[in-house]
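# Sequence and predicted structure are below.
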Amino acid sequence: MEEIKAHVASCPTCTAANERVNDFCEVGRLMFFEWAQVNPPQRAELVEITQEQYERLVAERIRSERSAERN
């Protein structure tokens, strides 16, 4: 996790994403996926979201995919 934190601090793409691994940063994503294989989630929670929140999430995902296609 320390390596990921160091990457996020030094990567302008990740730093712009509120100091987390950015979806558009290949290096950060690979580092996170490697870490996640060794450190599985400790719990999962079931939450409910409103229809408006769902529609916003879908729109953000579509926008993200279109942006990725252009890059």
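Received it, and whenever you're ready, just let me know what you need.

# Share the number of residues neighbouring residue 15, please.
Counted with other C-beta atoms under 10 Å, residues neighbouring residue 15 total 15. Where you see a C-beta, it was placed from the backbone N, CA and C, and this is true even at glycine.

# other SSEs contacting the helix ranked longest in the chain?
Counting by DSSP state H, the longest helix found in the chain is helix 51-70. Helices and strands touching helix 51-70, as assessed by 3 or more C-beta pairs under 8 Å, 6 or more residues apart in numbering; DSSP states H and E, are absent.

# Tell me where the model's unsure across the chain.
For the chain, residues meeting the criterion pLDDT under 70 lie at 71.

# Tell me how far the most far-flung residue of it relative to its centre lies from residue 43.
Relative to the centre of the chain, the most outlying C-alpha is that of residue 51, 22.4 Å out, by C-alpha atoms, centre = their mean. In this view, residue 51 and residue 43 are 26 Å apart by C-beta to C-beta, to the nearest Å.

# swap in residue 32?
As judged by C-beta to C-beta, residue 32 and residue 43 stand 19 Å apart.

# which one of the two has more residues nearby?
Neighbours of residue 32 and residue 43, each counted by other C-beta under 10 Å, are more numerous for residue 32; the result is 17 against 4.

# which residue packs closest to the more buried one, ignoring adjacent ones?
Counting by C-beta to C-beta, 6 or more residues apart in numbering, residue 21 is the residue found nearest to residue 32 once chain neighbours are left out, at 4.9 Å.

# residues contacting the one you found?
For residue 21, the contact set (C-beta atoms under 8 Å, 6 or more residues apart in numbering) comprises 4, 7, 8, 14, 28, 29, 31, 32.

# hmm, try it at 10 Å
Contacts for residue 21 (C-beta atoms under 10 Å, 6 or more residues apart in numbering) come out as 4-5, 7-8, 11, 13-14, 27-33, 35.

# And those, which is closest to residue 47?
For the contacts of residue 21, the closest approach to residue 47 (C-beta to C-beta) belongs to residue 32, at 22.0 Å.

# isn't that closest one right next to residue 38, touching?
No. Here residue 32 does not reach residue 38: they are 11.3 Å apart, not a contact under C-beta atoms under 10 Å.
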